[in-house]
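Trainee: What follows is a predicted protein model with its sequence.
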Amino acid sequence: MAGQIDQRAPLNTFLKRLWAFSARLDVTAGILFLLVLLSIVGSSIPQLAPEISTDPERFTAWVAALRAKYDGWADFLVNSGAVQFFRTWVFLLPWGLLFLFTILCVAHRWRAIWHNVTGSPMRCTPAIADGATYSASISGARGPAWEALRRALEQDGYRVLTETNEAGWFLYADRHRLARLATLVTHLGVIVLLAGVLLSTQTSWREELIVPLDGSTVVRQVGLHVHGAGFEILRYPDGNVASYEALVRVQEAQARIRVNEPLVYQSIGFHLSGYVQTRDQTAVVLQVVYDPGYALIIIAGFLVLIGMMVTFNMPFSCIRACLTEDGVLHLGGWADRRAYGFAHAFESFVQQAVAVLNTQPDTV
Amino acid sequence: MWIAAAYGLLWLAFAGYLFYPWLRRYRGSWGATGAALGAWLCLTTGLVERSILAGHWPLANRYEFALCFVWTILSVYLLLEASWRERGCGVFVMAMGLFVASYAVTRPEAMKAIASLIPALRSPWLQLHAATAAIAYGGFGVVAGLGLARLFSARMPERLPPDGELERMMERSVALSFPWLTFSILAGAIWAQNAWARFWGWDPKETWALLTWLWYLMTLHLFPLPRWRGQRMAIFLLIGFGLVIFTFIGVPWLVQLVRLESLHGF
C-alpha cells in the first residue's frame, strides 16, 4: 500500500502543479503575449489561402505572382512554410495551450463558483465580520437600526436574507450573485469557439463556381444544379457602381443575390464574388461555401461577449451583519475587485444605521 | 468648417488642460472643459452634416473613421470628467485626441470628399462593425491618456489624482472598451461571411484587430496581479494604443510596404 502511494506521489505532484499552473493569470497573459508576437510576424508575410493551396493550377499562378513581387525570397517563403504561417505548429501550439489552459481553468474553478452561487450564504456567528474587507461595529444598536440597515440594503438592490437564533439576529445581503457565473460563460465561449474552429476545419468546403447567364453549372461537392437567370449592375446618378445583382436558381429555389446578401440553400451559401463579361456572354462568379462551424464560432463570440459584459459591469458584493443580545451591531463587507463604489456604499449603510440611533433612541 | 473649428477648439482644450493648475487659481478651469465640449459639439455637427449630405453614416473611409475616433475620445473623456470631477488627466487625453485629429485633417482632399458607398460597404454590418470599433478605439485612447498620466504622476502629484485612483480608472476604462472591440470583431466576421464568403481570412487588418484584442485581454489578465500594476501597466496600455493606431493607420502602410494583399479599404 505504502509502495503504491510512493509510486503515485511524483505523478500526483506533477499533475497538481500543472493544475495550479494552468489557472495562473500571468501564465495565460504570457501565452497571449506570445500570440501577439507571432501574429505580428504572420501579418508581415503574404499568406496562402487554403482554397488556393489545394488547387494546383491556382497555386502555381499564386507562386508566380509571389516570385514577381519578392524574387528569390518567394521560394524561401514557400519552402519554409512561412506562407502558411497561421497553420503551422509554431502558431497553433500557443493557441492549443490557451484552449487547454482555459478548459483546465474552468475545471479548476467551476465547482467553487457553483458552490458560492447556490450554497447557503448564512453564517450565524457573532464573529461575522472576520476576514471582511470592510467592517464596522455599532454599539447600542436595537431594532430600528437593524430595520434601517435592512431597508437601505433592499433599496440599493441587495437581496436580503435574515435569521434569528439565541445568539442574535443575523443578516446576509448580496448583489449580482449570479454574475459570478459569467466568468464560466466567458470560458465556455472559448471552448465552444474551439469546437467551432475544429468543426469548421474538418467539415467545411468551398468551391468557386462560374455560372453563365441562361446556363447551368453543377456544384461538384454536392451535385446541386445552379442556373444563372440574370445579372445587373446598378449605378448611382454619378455613374459609380451601387450594386451588383445576380438572379440565380439553385434546384427549385430562385433568389436575387448581392455582394452582402447571399443565398443560403440547405445550409450551403451562394455568395456573389464577381462577374465575367465577354462580347458574347456574361457569367457570374459565385463562392459556394458550406461551413457548419461558422454558427458555433459566432455563438461562441457572443458567449464571450455576454460573459465579459456581466463580469466587468456587475461585480459581486455582499454584506453580513449580526445584532447581538448586548446591542452590538457587527457589519462585514466583501466585494469583487471591480466593485469600485463598494467602500463608499458600505460606509453609507453604516451611516444610515447610525443615523437612526441618533434620531431615535433605542426602544427594543 | 465645423471640422476645422473642432480642430481649433481641440488645440484650445489641450492648452487649457495644460495650464489647468494656473487657470484653477483664477477659477477658470472650466475653460478647458468648455473648449473640449465646444470641440465635441462642432465635431458632432460636422459629422451629422456629412451624414446628411452623403446619405450614409460617416464611417465609409479612413478620414471619416478618424473623425469618429476623435469624437469618441472626446465623448468618453467628457463623460469620465463629469462622473470623476477630475480635470488633471485632460491634457494627456487631449494629446491622444489631437494626434488622431491631426491625422484626419492632414488627409488628402480626395479622401475628404464625400463619396457614395461601394457595393461591399452597403451593409448594416458596416455601421455596427465600424461604429463599435470607433467606440472601442476612443475608449482605448482615453485609457492611453490615463496611462500617460500615470507615468507622470510621480513628477506632478499636485495636479494628478492619486495613483490608486488613476489605476482603478484605467482598469475600468479598459473593461468598458474591450467588449466594444469584441463586438466589432464579431460584427466584422459576420459581415465578412456575407460579403466575402469567409468569416476570417488572416487579412493583415483582421490579424492586427485580433492582436490588439489579445493585447488588451492580456492586460485584463494582469490587472489583478499587484506586480504588474503601476507604471508597468501604464506602459502596457500605451503599447496597446500603439497597436490600435497601427491597426488603423499602420496596416495600410504595411500592406503597401511588404506588398501584401488586403480586402480592407480602410
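Mentor: That came in fine, so what should we check first? All values derive from a computational prediction rather than experimental measurement.

Trainee: Need the per-residue pLDDT for the most centrally placed residue in chain A.
Mentor: In chain A, the C-alpha nearest the mean C-alpha coordinate belongs to A:V304, at 1.7 Å (CA atoms, centre = their mean). Listed pLDDT for A:V304 reads 95.

Trainee: contacting residues around residue 101?
Mentor: In the absence of a named chain, this looks at chain A. A:S22, A:A23, A:V27, A:T28, A:I31 (CB atoms under 8 Å, 6 or more residues apart in numbering or on different chains). No exception for glycine: its C-beta is placed from N, CA and C like everyone else's.

Trainee: Let me rephrase: I mean chain B.
Mentor: Here B:A101 is in contact with B:A6, B:Y7, B:L10, B:A66, B:V70 (CB under 8 Å, 6+ apart).

Trainee: run the last query once more with 6 Å
Mentor: B:A101 sits next to B:Y7, B:L10, B:V70 when contact means CB atoms under 6 Å, 6 or more residues apart in numbering or on different chains.

Trainee: what's the answer for A:G274, then?
Mentor: With CB under 6 Å, 6+ apart, A:G274 has these contacts: A:V285.

Trainee: So what's the gap between the host helix or strand of it and the chain middle?
Mentor: Assigned by DSSP states H and E, A:G274 falls within strand A:268-277. Put simply, strand A:268-277 sits 32 Å off its chain's centre (CA atoms, centre = their mean, to the nearest Å).

Trainee: Helix or strand next in line after it, which one?
Mentor: Assignment by DSSP H and E places the next element after strand A:268-277 at strand A:282-290.

Trainee: Show me what that following strand pairs with in its sheet, parallel or antiparallel.
Mentor: Take DSSP bridges as the rule and strand A:282-290 pairs in its sheet with strand A:205-212 (antiparallel), strand A:268-277 (antiparallel).

Trainee: quick one on the thing from earlier: helices - which of the contacts of B:A101 land there?
Mentor: B:Y7, B:L10, B:V70 (DSSP state H).

Trainee: Of those, which is the most crowded?
Mentor: Tallying neighbours with other CB atoms under 10 Å in any protein chain shown puts B:V70 at the head of the ones in helices among the contacts of B:A101, with 32 neighbours.

Trainee: so what's it closest to, chain neighbours aside?
Mentor: What sits nearest to B:V70 in space, not counting adjacent residues and going by CB to CB, 6 or more residues apart in numbering or on different chains, is B:A101, at 4.6 Å.

Trainee: buried stuff in the helix or strand where that neighbour lies?
Mentor: Following DSSP H and E, the helix or strand that holds B:A101 is helix B:90-105. Within helix B:90-105, the residues scored as buried using 16 or more other CB atoms under 10 Å in any protein chain shown are B:90-98, B:100-101, B:103-105.

Trainee: buried ones in the very next helix or strand once past that helix?
Mentor: As assigned by DSSP H and E, the chain's next helix or strand after helix B:90-105 is helix B:109-112. By 16+ other CB under 10 Å, the buried positions in helix B:109-112 come out as B:K112.

Trainee: What mean pLDDT does helix B:109-112 get?
Mentor: 91.

Trainee: which residues touch that helix?
Mentor: Contacts of helix B:109-112 (CB under 6 Å, 6+ apart): B:N61, B:Y63.

Trainee: Thank you, goodbye.
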